[in-house]
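Q: next comes the sequence, and after it the predicted model I'd like to discuss.
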Amino acid sequence: MTAETLHRIQFALTASFHFIFPPMSLGLGLVLVILGVKSVRTNDPKWRQLSLFWTKIYGLIFALGIATGIVQEFEFGTNWAVYSRFVGNVFGSLLAAEGIFAFMLEGGFLGLMLFGGTKLGNRMWLFATTMVVAGATFSATWIVMANSWMQTPAGYEVKDVGHGDQAFMTSFVDIMFTPSFINRFLHVMAASWMVGTSLVLSVAAFYLLRKRHVDLAKTMMRVALPVFAVTAIFQAFVFGPNQAVTVTDHQPAKLAAMEGVYQTDTCVPMYLLGWSNSATEETVGVSVPCMLSFLATGSFDGEVEGLEQFPQSDWAPVNLVFQAYHLMIDLGTIFVLISVLGVGLWIWKRKLFHTRWFLWIMVSSIVLTQLATLSGWWTAELGRQPWVVWEVLRTSGAQSPNVSTIQVAISIAMFVVLYAVLFVMFLWLMHRRISEGPQDPPSEDEIESLPDSFGEIFRKRTRT
Amino acid sequence: MWLNTTWFVLYVVIIVGYAVLDGFDLGVGMLSPFIARNDHEKRLLLNSIGPIWDGNEVWLVLAGGALFAAFPFVYASLFSGFYAAMMLVLLVLILRAVAIEFRSKSENPTWRKTWDWFFFGSSLGITLLFGVALGNVVRGIPLDSSGNIHTNLFELLNPYSLLVGITAVAMFCLHGAFFLTQKLEGDLLDRAKGLIPRLMGVFFVLATVLVAWTLTADTYIQDNFMDRPWTVVFPLLALLSVMFAWKLNTRGAYLAALLASGATIALLIATVAAGLYPVMLPSSTDAANSLTVHNASAAEETLKVMFVMAIIGLPFILLYTAGVYYFFRGKVTLDEESY
């Protein structure tokens, strides 16, 4: 195996494992803010009880997100030195901005959020939580910006001033707001909210099935289901299709790989399931006629560019991209069905909490949403190949020339073992925490006595 | 260009921020087997840094991002050149984060003991690895003309760099012990206090040997101090701050001593930076291959944008860091949310 392949395997492996955690914490963060607002509005201790329970889980998820995230920041330098030198002027500033504006906010307030449940009143705890969630959202913003620059680079020029070719910044605003950024950001945020809320739904459904913490579980579901349903529907009908149009406009070769389109044509079908063979240039499967033309161009007989327009050396691994993409959109469709069923059972039939087969679907929803975000990310990254910066810099040759294949093989082995162990422990600890369930709520008097304004915090005077 | 120098200074500030802040929580990790004797005591130590260690480590993330943005050639050369060492750094960073998070999540004594050792070992590992890396940077590394480093883990473990690593361990242990005086009570507090004089002695001897070795062996650094005599204030102030810390310690003014030991760390890093400037990565094979603040930096436009961001961002960071530290001041106690 070549060094390039190994570098790619390592990056894909570590990025995929990392990407399990941030979407979960972004979505769960939103739920925690909602719970906090409810606490402030109603002063009912059950909201704080739920916040305490979910904040502990949030802490666990966040810790793994941070621990695995730092790997990603270092790997550009360790594994992709040529890439790092090429994009340093452009890409580095986005990562640095993430550090200055996002991580510092998260890191600073995380302690207050995780330990605030017994130390802060409702308002101040909500403030700390909101700061962490804002930090996490900024973090996602900068990272999606950086990745969008790799997909649809803008605001730069390539020059050689004695270090070989390098990208130079011509407009920072254009670098931040590349043509694909806004649509990709909305797509990722909606996906993250779905992941976070589906975690809450899974746990709530599990409690209902086991008839434990029944009232709290119903409350969790009432909070999470509307958010999940609304985002799932927006994702399927607005953010997802917008994203597809962005790819059509700016990365036509990627769209062709996603749907396995080889010949440029009008009325191109969209597959639900299928198999694409790039050697014979054939795609077979179950499809909706003319649907891709409609989604990509807005008209059923719109023209979609096929891979024949591009030299074969510029093709992504077609079937891999095809499969990842279809896994994502099929799951996206299932989420809409789950949402409609869930809301239907809840509002019209009033038996959401007793329909066991549906509750089991809810329990599995966290696995499905995780799979959907992962396959979406794989579509984006595999679809970008063979470029590391779209049509500017090829992936092959962007790796560190002074790192041997043996070294990368060893580090891959290290990450495989380490991440496997961490994942098993993570699941075990989640299982324990969920089995224990929410602890008894603090009394209203106890909550009342906690400092709940900046003045009280800094005097550490408690209300009596 | 003034921007390059400004960014060098800002970068040193970020490194100082990391070393001074994460320094004490790494120190707490390294001291924990020597101070805490039972589960309750281990938890007290762990929770003394519980709400703040994460914010401290963010300075490292910031250091990585800022290096990539401001000096991409240093970032690319150093990180790829020290590949094996960097992978070890990542390993211990991950182990430490999960050790802190996982340890108290189960009552099983074997589980807890295992993670206690990981907490200790990873704190020691991070300090040693960063110390050894810094030692190699000061000593010079085999950079070729295209900026690639060809070396291996065993070449990095040379006596000079190991001495820097061990000195860093002593320095952070001392810093951690001063920090613990603010957090512990009773027997534990006495044990922490009892370690301070010995740690100070060890650190002082190691640091003196290190400074003497550096100044006699490294002609480049010698020349730099000769050319810019005013920079001698950094090592002199470092010496002064150590003496201050000693004096304050004997008087029992531990909070002031903690600040003094923070100042020592900052001034020693400033000494190294002043000795190297304008070089960031000296080449041991040919001085012409060295990466400097001029030939390794990002373009002017990038440095400008980044400078504006730093000016906007840093005051906020300092403000809420100070706020959080103030809120969590005082002796540590355990409650339901503790680690």
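A: Sure, I can see it.

Q: nearest residue to the residue in the stretch 101-250 of chain B that chain A sits nearest to in space, please, no chain neighbours.
A: Proximity of the stretch 101-250 of chain B to chain A (C-beta to the nearest C-beta) peaks at B:Glu101, 3.9 Å away. For the C-beta atoms, the positions are set from N, CA and C on the backbone; glycine is no exception. Nearest residue to B:Glu101 in three dimensions, chain neighbours excluded: A:Ala63, at 3.9 Å (C-beta to C-beta, 6 or more residues apart in numbering or on different chains).

Q: I'd assumed B:Val98 was in contact with the one you found.
A: Yes. A:Ala63 lies in contact with B:Val98 (C-beta atoms under 8 Å); the separation is 6.6 Å.

Q: more crowded one of the two?
A: B:Val98 (25 against 22; other C-beta atoms under 10 Å in any protein chain shown).

Q: now A:Gly121, what are its backbone angles?
A: Backbone torsions for A:Gly121, taken as degrees, to the nearest 10, come to phi -70, psi 170.

Q: OK, contacts around the closest residue to it other than its chain neighbours?
A: Spatial nearest neighbour of A:Gly121, chain neighbours left out: A:Asp452 (2.6 Å); criterion: C-beta to C-beta, 6+ apart. The contact partners of A:Asp452, taken as C-beta atoms under 8 Å, 6 or more residues apart in numbering or on different chains, are A:Leu120, A:Gly121, A:Asn122, A:Arg123, A:Met124, A:Arg463.

Q: A:Asp452 falls within a helix, correct?
A: No. Counting by DSSP: H, G, I helix; E, B strand; the rest coil, A:Asp452 is not found in a helix; it is coil.

Q: what's the distance between it and A:Asn122?
A: Look at A:Asp452 and A:Asn122: by C-beta to C-beta, to the nearest Å, they are 6 Å apart.

Q: ditto for B:Ala69
A: From B:Ala69 to A:Asn122 the distance is 39 Å (C-beta to C-beta).

Q: of these two, give the one with the bigger neighbour count.
A: B:Ala69 (30 against 22).

Q: helices and strands of chain A: which one has the lowest mean pLDDT?
A: Least confident helix or strand of chain A, by mean pLDDT, DSSP states H and E, is helix A:454-459 with a mean of 77.

Q: packing partners of it?
A: Identification of packing neighbours for helix A:454-459 by 3 or more C-beta pairs under 8 Å, 6 or more residues apart in numbering or on different chains; DSSP states H and E yields helix B:300-327.

Q: counting contacts, what elements does the helix it packs on pack onto?
A: On a contact count with 3+ C-beta pairs under 8 Å, 6+ apart, helix B:300-327 meets helix A:81-97, helix A:104-115, strand A:165-169, helix A:454-459, helix B:2-35, helix B:53-70.

Q: downstream of the last one, the next helix or strand is which one?
A: Read that as helix B:53-70. helix B:72-81 (DSSP states H and E).

Q: so is that following helix next to chain A?
A: Yes. If you take C-beta under 8 Å from any C-beta of the partner chain as the test, helix B:72-81 does meet chain A, through B:Pro72, B:Phe73, B:Tyr75, B:Ala76, B:Ser77, B:Leu78, B:Phe79, B:Ser80, B:Gly81.

Q: figure out which of the helices and strands packed on helix B:300-327 is closest to A:Val261.
A: Comparing those by their distance to A:Val261 (C-beta to C-beta), the top pick is helix A:81-97, with 29.3 Å.

Q: ok, back up a step: name the element the residue of the stretch 101-250 of chain B closest to chain A belongs to?
A: B:Glu101 belongs to helix B:83-102 when assigned by DSSP H and E.

Q: now that helix, how far from the chain's geometric center?
A: 15 Å (C-alpha atoms, centre = their mean, to the nearest Å).

Q: show me what that helix is packed against.
A: If you count contacts as 3+ C-beta pairs under 8 Å, 6+ apart, helix B:83-102 packs onto helix A:45-79, helix A:405-436, helix B:53-70, helix B:109-139, helix B:153-156.
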